[in-house]
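J.: prediction below, plus the sequence it came from.
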Amino acid sequence: MPDSTPPTDFSPDQFRRHGHAVVEWIADYLATIDDYPVLSPVQPGDIREALPARAPEAGEPLDRILADFDQLIVPGITHWNHPSFFAYFAISGSVPGILGEMLAAALNVNGMLWKASPSATELELTTMDWLRQLMGLSDDWFGHINDTASISTLLALAAAREAANLDIRQRGMAGRADLPALRLYTSAQSHSSVEKGALTLGFGQQNVIAIETDRDFRMRADRLAAAIASDRAAGHLPVAAVATIGTTSTTSIDPLRPIAELCQREGVWLHVDGAYGGAAAILPELRERLFDGIELADSLVVNPHKWLFTPVDISALYTRHPDILKRAFSLVPEYLVTAEQDEVVNLMDYGVQLGRRFRALKLWMVMRSFGAEGLRERLRHHIALAQRFAAWVDESAAWQRMAPTPLSTVCFRAAPPSLSAEAQDALNEQIMAAVNASGEAFLSHTKLNDRFTLRLAIGNIRTEARHVARAWALLNEALERLSVGALER
Ligand SMILES: Cc1ncc(COP(=O)(O)O)c(C=O)c1O
């Protein structure tokens, strides 16, 4: 006989009580986010040391778990939702996005098949269409959602390989004398996910060709043409090129039209990495600059979790050849056969993963809550803040801008003329460490032309002019304090 209290979930009333507590916590968090240190000050191992080495044998009260969340977990959080988070690419868990995540977790659907939750598939296709239209793309493009740009790019490269009709899906790549080296081209500034995708697919690292960039860090179309020509002469097979709209270090924008025209002439699949910068194509005044020639590209990735105020993770992969993507990946075992499979989109057919989260829900809530105009307004605000910061850098004799600022990320460094380039590198590293240790702002760095470069990336929905001004003040205070030491050495 089953016992009288079967081991099931918490009661809805318990959920209500703790759910209210969690929502209160989130509301307080967002209200006081300015007071948290942006970069977590903990040392490696601190968090694990504070946690029990084994899972509890008996269940514990949720009140106690939430108290431990506050005391043990939050100190080890670097606050990506902080308005003074300026590192990497600043992102946002906006209020509608947070609510969308809560609802998605409550529904807990797995949208692998249309039948598995029709709304999951149809809302995904709808939000992808909405975003496509906002970016000014024609209805030639089919979009679907992945976790990250790294995976979207991996899938795009798999489609590129499939498009080359080498029967790799069936025969693989190993032990084939008939298969030339498959070549992939991308700029020296492109994101490491391109190379990782190529590694995963077995292209081989040596077949990822880094194309030189111009002085503004944009891929040179003439160098791409030369690389393709010399590869053909050597008997290699050019398969794909990846252009970036908003590179990771400087947000440089590769010249899409000449690259796309070249790829079309050469029969090379062009994937466009707009993980960060693609979002700015929703601004009509920037679209031409970002997307001129996009109609000739074969695939495009844009991450709503970067600059469209939707919580991590959600990446949109668009392609003009969904049939090829599907050819690369579709594999339907008997237990996933459905009666309507020929009349619906089953999203499992377009990638590696079977199970898929209901990510479209949060994007839908974000797009509806802010509206297209609200999204545009927020991007314009970030771009304006970055342009103001760039102007401060340009007007100051002590600082130097290291790259153009086409979007909302500024690359710069302190450059006291009395110091050698190497001493300036060390000084900037110290300035960054000092600003980050203050807890008031968090910046990251890159290297440009081999020189240590600071990056201030503006993208959090809560960032205001005062946060950017404070970062500038912190940088100048650190420069003043540290350059005395640097000059004395
Ligand atoms: C241009 C670009 N592409 C791809 C990526 C990888 O994004 P994800 O973390 O979604 O894989 C990044 C990450 O910052 C990026 O800047």
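T.: On my side now, so go ahead. Residues are numbered from 1 along each chain as shown.
J.: show me how this protein divides into domains.
T.: 12-39+78-93+371-489, 110-357 (automatic domain parsing).
J.: winner for burial among these?
T.: Highest mean neighbour count of the domains of the chain: domain 110-357, a mean of 20 (counted as mean count of other Cβ atoms under 10 Å). Yep, even glycine has a C-beta here, placed from its N, CA and C like the rest.
J.: anything in that domain near the ligand?
T.: Yes: judged by Cβ under 6 Å from any ligand atom, domain 110-357 and the ligand are in contact via 148-150, 191, 193, 244, 246-248, 273, 275-276, 303, 315.
J.: also stretch 443-460?
T.: No: taking Cβ under 6 Å from any ligand atom as the criterion, stretch 443-460 and the ligand are apart, separated by no less than 9.6 Å.
J.: for the helix or strand hosting residue 289, the distance to its chain's centre please.
T.: Here residue 289 sits within helix 284-291, counting by DSSP states H and E. Distance of helix 284-291 from the chain centroid (Cα atoms, centre = their mean, to the nearest Å) equals 20 Å.
J.: next helix or strand past that helix?
T.: Counting by DSSP H and E, what follows helix 284-291 is strand 299-302.
J.: could I get that next one in CSV with only the CA atoms?
T.: Written as CSV, here are the backbone C-alpha positions of strand 299-302 (Å, rounded to 0.1, in the frame of the first residue of the first chain):
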residue,chain,number,x,y,z
SER,A,299,23.9,32.6,-42.2
LEU,A,300,24.0,35.1,-39.4
VAL,A,301,24.1,34.9,-35.6
VAL,A,302,22.8,37.6,-33.3
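J.: SS state for residue 136?
T.: coil (DSSP: H, G, I helix; E, B strand; the rest coil).
J.: got the contact list for it?
T.: 281, 284, 287, 291 (Cβ atoms under 8 Å, 6 or more residues apart in numbering).
J.: so which of these is the closest to residue 472?
T.: Using Cβ to Cβ, residue 281 comes nearest to residue 472 of these, at 29.0 Å.
J.: how about the nearest residue to the closest one once chain neighbours are set aside, phi and psi?
T.: Distances taken as Cβ to Cβ, 6 or more residues apart in numbering place residue 135 nearest to residue 281, at 4.1 Å, with adjacent residues excluded. Backbone torsions of residue 135, given as degrees, to the nearest 10, read phi -90, psi 0.
J.: is residue 135 in contact with residue 304, as I believe?
T.: No: with contact defined as Cβ atoms under 8 Å, residue 135 and residue 304 do not form a contacting pair (11.2 Å).
J.: so what sits against both of these two?
T.: By Cβ under 8 Å, 6+ apart, no residue touches both residue 135 and residue 304.
J.: now residue 138: phi and psi?
T.: Torsion angles, degrees, to the nearest 10, at residue 138: phi -70, psi 170.
J.: could you measure from residue 236 over to the ligand?
T.: Note on residue 236: its distance to the ligand, by Cβ to the nearest ligand atom, to the nearest Å, is 25 Å.
J.: contacts only, for that residue.
T.: Counting by Cβ under 8 Å, 6+ apart, residue 236 touches 180, 181, 182, 183, 207.
J.: partners of the residue nearest to the first one when sequence neighbours are not counted in the sheet?
T.: Meaning residue 180. Nearest non-adjacent residue to residue 180, counting by Cβ to Cβ, 6+ apart: residue 237, 4.5 Å away. Taking DSSP bridges, one obtains residue 182 as the residues bridged to residue 237.
J.: confidence score at the closest residue in space to residue 191 that isn't next to it in sequence?
T.: Spatial nearest neighbour of residue 191, excluding adjacent residues (Cβ to Cβ, 6+ apart): residue 248 at 4.9 Å. Here, the pLDDT recorded for residue 248 equals 97.
J.: returning to that earlier point: of the contacts of residue 136, which is the nearest to residue 345?
T.: Nearest member of the contacts of residue 136 to residue 345, counting by Cβ to Cβ, is residue 281, at 24.2 Å.
J.: any idea how far that closest one lies from residue 253?
T.: 11 Å (Cβ to Cβ, to the nearest Å).
J.: got any residues that touch both of the two?
T.: Both residue 281 and residue 253 are contacted by 245, 290, under the criterion Cβ under 8 Å, 6+ apart.
J.: OK, contacts around the residue nearest to residue 281?
T.: Contacts of residue 135 (Cβ under 8 Å, 6+ apart): 278, 281, 282, 287, 291, 302.
J.: separation between it and residue 286?
T.: Distance from residue 135 to residue 286, by Cβ to Cβ: 11 Å.
J.: what's the answer for residue 29, then?
T.: Distance from residue 29 to residue 286, by Cβ to Cβ: 33 Å.
J.: picking that back up, which of the residues of domain 110-357 next to the ligand fall in strands?
T.: 244, 273, 315 (DSSP state E).
J.: correct me, but the second one touches residue 241?
T.: No: with the criterion set as Cβ under 8 Å, residue 273 and residue 241 do not qualify as a contacting pair; they are 10.8 Å apart.
J.: and the pLDDT at residue 322?
T.: 98.
J.: can you pull the contacts of the spatially closest residue to it that is not a sequence neighbour?
T.: Nearest residue to residue 322, sequence neighbours excluded (Cβ to Cβ, 6+ apart): residue 142, at 3.9 Å. With contact set as Cβ under 8 Å, 6+ apart, residue 142 has these partners: 128, 318, 319, 320, 322.
J.: circling back to that earlier point, as TSV, the contacts of residue 236 with pLDDT would be great.
T.: Output for the contacts of residue 236, formatted as TSV (pLDDT from 0 to 100):
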residue	pLDDT
180	96
181	97
182	98
183	98
207	98
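J.: tell me which of those is nearest to residue 352?
T.: Distances from residue 352 to the contacts of residue 236, taken by Cβ to Cβ, are shortest for residue 182, at 19.2 Å.
J.: possible to save the residues of domain 110-357 next to the ligand as JSON lines with distance to residue 50?
T.: Formatted as JSON lines, those follow (distance: Cβ to Cβ, whole Å):
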{"residue": "148", "distance to residue 50": "30"}
{"residue": "149", "distance to residue 50": "34"}
{"residue": "150", "distance to residue 50": "31"}
{"residue": "191", "distance to residue 50": "35"}
{"residue": "193", "distance to residue 50": "33"}
{"residue": "244", "distance to residue 50": "41"}
{"residue": "246", "distance to residue 50": "39"}
{"residue": "247", "distance to residue 50": "39"}
{"residue": "248", "distance to residue 50": "34"}
{"residue": "273", "distance to residue 50": "39"}
{"residue": "275", "distance to residue 50": "35"}
{"residue": "276", "distance to residue 50": "35"}
{"residue": "303", "distance to residue 50": "33"}
{"residue": "315", "distance to residue 50": "33"}
